[in-house]
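Participant: Prediction below, plus the sequence it came from.
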Amino acid sequence: MRKSHVKKNIVLSIKEAFADLILTGEKTVELRRKFPHDLPRGTIVYVYASGGAKSIIGQFEIQEIFVLPLDSLWNATKNHSCVSRDFFFSYFSGVRCGVAIRVGKIKKFSRSKRLSDLFPKKINPRPPQSFCYLEPPSRYEFDSTEA
């Protein structure tokens, strides 16, 4: 019997400046050193803006995830990632391949949300260092504007 793929949504910590660029549609690829690359298209990524905001400011759907050697990844993403070549290779220093998440449908929340809005049963939930799964993967209804 074949196991069914259980859809999981994600909370992703992103530096505030990059999170804002994603939610305005300017940055259409998010780069990661490590990220689960088997998530299905349409998986919801809740954007936790680290830094000043320290809150969930929006969401996007995963359009595609791809893993490539660094030179190929740079060539594929340099016009979509809003980072310089120096930043890119510094960020990926020490790894042979990197992960790119192509951003799909975007929703920017009209008011930012606390982590406790996504994790109501946890006392003082801590932000993920990189990402964490939401289980069950219910869709949360927040006031939003679509970019």
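Facilitator: Happy to help now that I have it.
Participant: Mind listing what's buried along the biggest strand by length in the chain?
Facilitator: Determined from DSSP state E, the single longest strand within the chain is strand 97-113. Of the residues in strand 97-113, 98-104, 106-109, 112-113 count as buried by neighbour count, 16 or more other CB atoms under 10 Å. Placement of C-beta: from N, CA and C, glycine included.
Participant: now for the helix or strand following it, which elements pack on it?
Facilitator: Per DSSP states H and E, strand 97-113 leads on to helix 115-118 as the next helix or strand towards the C-terminus. Counting contacts by 3 or more CB pairs under 8 Å, 6 or more residues apart in numbering; DSSP states H and E, helix 115-118 is packed against strand 55-69.
Participant: now for the strand it packs on, which elements pack on it?
Facilitator: helix 16-23, strand 44-50, strand 97-113, helix 115-118.
Participant: Grab the CA positions of the longest strand of the chain and hand them over as CSV.
Facilitator: Listed next in CSV are the C-alpha coordinates belonging to strand 97-113 (Å, rounded to 0.1, in the frame of the first residue of the first chain):
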residue,chain,number,x,y,z
CYS,A,97,24.5,22.8,-3.4
GLY,A,98,21.9,25.3,-2.4
VAL,A,99,18.1,25.4,-2.4
ALA,A,100,15.9,27.9,-4.1
ILE,A,101,12.2,28.3,-3.3
ARG,A,102,10.2,29.9,-6.1
VAL,A,103,7.5,32.1,-4.6
GLY,A,104,4.0,31.7,-5.9
LYS,A,105,0.8,33.5,-4.8
ILE,A,106,1.6,36.1,-2.1
LYS,A,107,-0.6,37.5,0.7
LYS,A,108,0.6,40.3,2.9
PHE,A,109,-1.2,40.6,6.2
SER,A,110,-2.8,43.9,7.0
ARG,A,111,-1.7,43.4,10.6
SER,A,112,1.2,41.3,11.7
LYS,A,113,0.6,38.2,13.8
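Participant: now the angle between strand 44-50 and that strand, please.
Facilitator: Put simply, strand 97-113 runs at 80 degrees to strand 44-50, going by axes from the mean of the first three to the mean of the last three CA atoms, to 10 degrees.
Participant: Make 547 the starting number, not 1.
Facilitator: Noted, 547 is the first residue going forward, which turns the last one into strand 643-659.
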